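# Output the structure for:
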Amino acid sequence: MKLRLPINGLSSNTLILLVSLFLVAACNQAFFTHTLKIYPLESGKTVYLASLTVSFFAVNALLLSLISFGRATKPVLIIFLLLASLAAYFMDSYGVVLSDEMLRNAVQTNPTEARDLITSKLFAYLFFLGVLPASIIAKIPLRWRGWRRELAFRLGLIAGLGIVIIALVMASSSFYASFLREHKSLRSYANPAYFTYSALRYADQTFSTQSAQTLTILGADARKAGTDTHRHLTVLVVGETARADRFSINGYERETTPQLKAAQVMNFSNYWACGTSTAVSVPCMFSMAGMNDFDLKTAASRENLLDVLQHAGVNVLWLDNNSDSKGVAARSTYEEFKSPPTNPLCDEECRDEGMLPRLQAFVDSHPTGDLFVVLHQMGNHGPAYFKRYPASFAKFTPVCQSNDLSQCTREEISNAYDNAILYTDHFLGKTIEQLKRNDKNFQTALFYLSDHGESLGENGIYLHGLPRAIAPDNQLHVPAIIWLGSGFNNVDRTALHKKSGDHFTHDNVVHTVLGLMGIETKLYRPKLDILNGTRQAK
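A predicted model of the protein is given here:
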């Protein structure tokens, strides 16, 4: 049966209303699923839910009415359909929301990480919710009635939609007040309204950052303490997507961290991330501003921990087996380990352990001076957890062998994730062994912490990247350990162990590293140094 259209085609207003109806009905499963959890149909709020649905439709139609006109109508609607279909896939499949932070993560991801997110289910969403309706729109003739009449009709539609929204809100003001104030997280699932808002925020932050040309110098007064005669070798391992509750040294029932247990590291079980994505957490943990004052707009134009260390004469190196340093190492020596030419340990993918020979080569090539090395792990980056470890570390089985988590059970996903934690434990153990071999010539230390955590299906949520205000603890509660070589004989280990349950955050990274390296600067805040109060006079 052929679809019969008016001989003269559809008006642009009619097409906008039809597309808005399709978006609400087909691309907002996540929004209505979360809404019905809070307002079940049997709760007696059916009228309010109907009002919310109509107002949601009106908001989408208003948005599309404002940004599409004339010849731009079809292209704009097609673009929104394609983007909304992709947004629907990620929200329905992983429970994520497309915040500005998530969009930044997507833009900054590398091809390998992007491939892990491509599944047959994604193509199905893209085709049935995006390409198919878009192709229909492309074939529909639009009726053009002249600029003046089209503008008049469009203004009439905008006014009408505005009146509908205002009338619905006023008729159920108490419901909407509760909905907007007490359940802010629900708005994050509104498709395409929320990702449009997020895209505008991301664009504003990105262009503001790029336009900020002047670099603010920080810590120019930094110097090595005059009483410190040791050479320092400190390694900061930035983990990826590791959860604190999956480390057996934090009480997890599975033995996932035998190497760390054997190394008798100082474990900090109450450590919290700055953000829920690499794009935010990595710049934040190296920032001198602190979590409460941190924002990406200013971070790119301000020096960070690496710069302060270099002001003090420290030799700094960043080795990366992840996406990149997110701008942190822009003024430091940076080397990428994602491919065989630089990483000697590559099978299905290049392993974190492949950075260790370069670490030793860096040490050997610097007969004088202090050394600070960052090892940025691939760690537990999802959803293809099964790729994050060699086959010999598949201790927990059966594992999810797909990057489409909907094809796996929660147990299989958890097993693959735990195996990746086990490999991180192995990697940290090897790094500690390497530092021990350099212990005679340096005061050696290792500081490990993850950039953020991960959701593994709790409450239907997977991966990470939810806005911090609504993110579950498992996306923010991260593992953190410190290992100290024999040169730190002035540190009271018992006193340090007593801090294991104290509340720490990424704010403690900068000042703990400055303390470990023996750097004096006005920027150093002793209260944020984890080792503060544990050092004894020599």
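# How much space separates residue 380 from residue 361?
27 Å (CB to CB, to the nearest Å). Where you see a C-beta, it was placed from the backbone N, CA and C, and this is true even at glycine.
# More neighbours: which of the two?
Neighbours per residue (other CB atoms under 10 Å) separate residue 380 from residue 361, with residue 380 holding more: 25 against 10.
# Make sure residue 55 is actually in contact with residue 170.
No - with contact defined as CB atoms under 8 Å, residue 55 does not count as touching residue 170 (11.1 Å).
# Which residue of these two possesses the greater neighbour count?
Taking other CB under 10 Å, residue 55 and residue 170 do not tie; residue 55 has more neighbours (20 against 9).
# how far away is that one from residue 308?
Applying CB to CB to residue 55 and residue 308 gives a distance of 51 Å.
# Could you do residue 188 as well?
Distance from residue 188 to residue 308, by CB to CB: 36 Å.
# next one: residue 147
59 Å.
# who has more neighbours, these two?
Shown here are residue 147 and residue 308; by other CB under 10 Å, residue 308 has more neighbours (27 against 10).
# Confirm that the more buried one sits in a strand.
No - assigned with DSSP: H, G, I helix; E, B strand; the rest coil, residue 308 falls outside any strand and is helix.
# what residues are up against it?
218, 219, 222, 288, 510, 514, 519, 521, 523 (CB atoms under 8 Å, 6 or more residues apart in numbering).
# So which of these are in helices?
510, 514 (DSSP state H).
# Selecting buried members of the contacts of residue 308 in PyMOL, what would you type?
For the buried members of these, the matching PyMOL selection, counting by 16 or more other CB atoms under 10 Å, is:
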select buried, resi 218+219+222+288+510+514+519+521+523
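# In TSV, list the contacts of residue 308 along with distance to residue 473.
Shown next, in TSV, are the contacts of residue 308 (distance: CB to CB, whole Å):
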residue	distance to residue 473
218	32
219	33
222	35
288	27
510	24
514	29
519	33
521	34
523	30
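# What about the contacts of residue 308, which are in strands?
residue 519 (DSSP state E).
# Now pLDDT too, for the contacts of residue 308, in TSV please.
Listed next are the contacts of residue 308 as TSV, based on pLDDT from 0 to 100:
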residue	pLDDT
218	96
219	96
222	97
288	96
510	98
514	98
519	97
521	98
523	98
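# Nearest to residue 452 among the contacts of residue 308?
Residue 452 lies nearest to residue 510 out of these, by CB to CB, at 17.6 Å.
# can you pull the contacts of the closest residue to that closest one other than its chain neighbours?
Nearest non-adjacent residue to residue 510, counting by CB to CB, 6 or more residues apart in numbering: residue 305, 4.8 Å away. Taking CB under 8 Å, 6+ apart, we find residue 305 in contact with 286, 287, 288, 509, 510, 513, 514.
# Can you say which two of those are spatially most distant?
287 and 514 (13.4 Å).
# Distance-wise, check residue 521 relative to residue 286.
15 Å.
# And residue 126, by the same measure?
37 Å.
# Looking at those two now, which is surrounded by more residues?
Neighbours per residue (other CB under 10 Å) separate residue 126 from residue 286, with residue 286 holding more: 26 against 18.
# burial measure for residue 389, as a count.
Neighbour tally, residue 389, other CB under 10 Å: 28.
# Enumerate every residue touching it.
Applying CB under 8 Å, 6+ apart, the residues near residue 389 are 419, 420, 422, 423.
# quick one: it is in a strand?
No - counting by three-state DSSP, residue 389 falls outside a strand, being coil.
# If we ignore the residues flanking it in sequence, what's nearest it?
residue 423 (3.7 Å).
# Pretty sure the one you found sits against residue 386.
No - applying CB under 8 Å as the test, residue 423 and residue 386 come out as separate, 11.3 Å apart.
# Show the pLDDT at the most centrally placed residue in the chain.
Geometric centre of the chain, nearest residue: residue 277, 1.4 Å, by CA atoms, centre = their mean. Residue 277 is assigned a predicted lDDT (pLDDT) of 94.
# same deal with residue 525?
Residue 525 is assigned 98 on the pLDDT scale.
# My read is that it contacts residue 511, right?
Yes - counting by CB under 8 Å, residue 525 does reach residue 511; the two are 5.2 Å apart.
# Just want to know which of those two has more residues nearby.
residue 511 (23 against 16).
# Let me see the contact set for the nearest residue to that one once chain neighbours are set aside.
Of all residues not flanking residue 511 in the chain, residue 528 sits nearest, at 3.9 Å (CB to CB, 6+ apart). Residue 528 sits next to 507, 508, 510, 511, 512 when contact means CB under 8 Å, 6+ apart.
# where does residue 528 land on pLDDT?
98.
# again with residue 229
At residue 229, pLDDT is 82.
# can you check residue 243 too?
98.
# go on, the one 10 residues further on?
On pLDDT, residue 253 comes in at 98.
# mean confidence score for the top helix by length along the chain?
The helix that spans the most residues within the chain, counting by DSSP H, is helix 410-437. Taken as a whole, helix 410-437 carries a mean pLDDT of 98.
# mind showing which ranges of the protein have poor pLDDT?
1-8, 208-213, 538 (pLDDT under 70).
# what are the ranges of the strands in it?
223-224, 232-239, 266-267, 271-272, 315-320, 333-336, 371-376, 443-450, 455-456, 462-463, 477-478, 480-484, 504-505, 519-520.
# Could you dump these into CSV and include distance to residue 154?
Output for the strands of the chain, formatted as CSV (distance: least, CB to CB, whole Å):
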stretch, distance to residue 154
strand 223-224, 65
strand 232-239, 51
strand 266-267, 62
strand 271-272, 49
strand 315-320, 50
strand 333-336, 50
strand 371-376, 50
strand 443-450, 50
strand 455-456, 42
strand 462-463, 40
strand 477-478, 50
strand 480-484, 56
strand 504-505, 50
strand 519-520, 62
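# Quick check: which of those strands is nearest to residue 114?
Going by CB to CB, the one of the strands of the chain nearest residue 114 is strand 462-463, 13.6 Å.
# Outside of that closest one itself, which residues are in contact with it?
Here strand 462-463 has contacts from 93, 94, 95, 96, 382, 383, 405, 454, 455, 456, using CB under 8 Å, 6+ apart.
# Next up, the contacts around the last one.
Spelled out, that is residue 456. 243, 410, 413, 414, 417, 462, 474.
# and if you look at residue 296?
Residue 296 makes contact with 104, 205, 209, 279, 280, 283 under the criterion CB under 8 Å, 6+ apart.
# Report the two of the residues you listed separated the most.
Largest pairwise distance in the contacts of residue 296, by CB to CB, is 12.9 Å, between 209 and 280.
# So these two - more neighbours on which side?
Per other CB under 10 Å, whichever of residue 209 and residue 280 has more neighbours is residue 280, with 27 against 16.
# The more buried one contacts residue 274, doesn't it?
Yes - counting by CB under 8 Å, residue 274 is a contact partner of residue 280 at 6.5 Å.
# quick one: contacts for the residue nearest to the centre of the chain?
101, 102, 104, 105, 451, 452, 464, 465.
# The residues you listed: which two are farthest apart?
Most distant of these, by CB to CB, are 102 and 451, 14.5 Å apart.
# if you count what's nearby, which of those two comes out ahead?
Legend: neighbour count by other CB under 10 Å for residue 102 and residue 451, higher for residue 451 (29 against 25).
# Need the nearest residue in space to that one, chain neighbours excluded.
Leaving out its chain neighbours, the residue that sits closest to residue 451 by CB to CB, 6+ apart is residue 281, at 4.1 Å.
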